[in-house]
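Visitor: dropping the sequence and predicted coords here.
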Amino acid sequence: MRILLRIVAIAALLYLTLTAALALAMRQSPSVFGAIMAKMPPLAFMVLPFESLWMNARSGHLRTGELAPDFTLNPVEGGSPVRLSSLRGKMPVVLIFGSYT
């Protein structure tokens, strides 16, 4: 019985440590996070709580109704850079961030 309790305790400690490490990795820059994820064994995707950690790590700090922080982006089709604040009050703006690969 003691051996079983030790095994369960070690497994729980390992699970918590891996979950905390993954949560920390998700808060790094995309390039660092990508490098970490490239080395992640497939079994980890089935065992660790990826979705809940990801939603927490990338939730941001904006609330409904707040203005988005100002930034400048280069258009995909070329041309001069566009600043978000230059569009405010002129037209609706939809921002889509993600990977389509």
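Guide: Nice, I can see it.

Visitor: need the helices for the protein, in chain order.
Guide: 2-26, 30-38, 42-47, 50-57, 84-87 (DSSP state H).

Visitor: tabulate those helices in a markdown table, adding columns for distance to residue 93.
Guide: Using the backbone N, CA and C atoms, a C-beta is placed for each residue, glycine as well. Listed next are those as a markdown table, based on distance: least, CB to CB, whole Å:
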| stretch | distance to residue 93 |
| --- | --- |
| helix 2-26 | 27 |
| helix 30-38 | 22 |
| helix 42-47 | 35 |
| helix 50-57 | 24 |
| helix 84-87 | 5 |
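
Visitor: can you list the weak-confidence ranges in this protein?
Guide: Scanning the chain with the threshold set as pLDDT under 70 gives 99-101.

Visitor: change it to 90
Guide: 1, 26-37, 40, 42-46, 50-71, 73-79, 82, 88-89, 91-101 (pLDDT under 90).

Visitor: residue 70 is nearest to which of the helices of the chain?
Guide: Nearest to residue 70 among the helices of the chain is helix 84-87 (4.5 Å), distances taken as CB to CB.

Visitor: so what's the gap between that closest one and the chain middle?
Guide: 26 Å (CA atoms, centre = their mean, to the nearest Å).

Visitor: do stretch 36-53 as well
Guide: Taking CA atoms, centre = their mean, one finds the center of stretch 36-53 at 13 Å from the center of the full chain.

Visitor: tell me which residues in it are buried?
Guide: 48, 50, 53 (16 or more other CB atoms under 10 Å).

Visitor: can I get those residues in TSV with distance to residue 66?
Guide: Shown next, in TSV, are the buried residues of stretch 36-53 (distance: CB to CB, whole Å):
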residue	distance to residue 66
48	32
50	28
53	24
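
Visitor: state the number of residues packed around residue 22.
Guide: Counted with other CB atoms under 10 Å, residues neighbouring residue 22 total 20.

Visitor: same question, residue 33
Guide: If you count neighbours by other CB under 10 Å, residue 33 ends up with 16.
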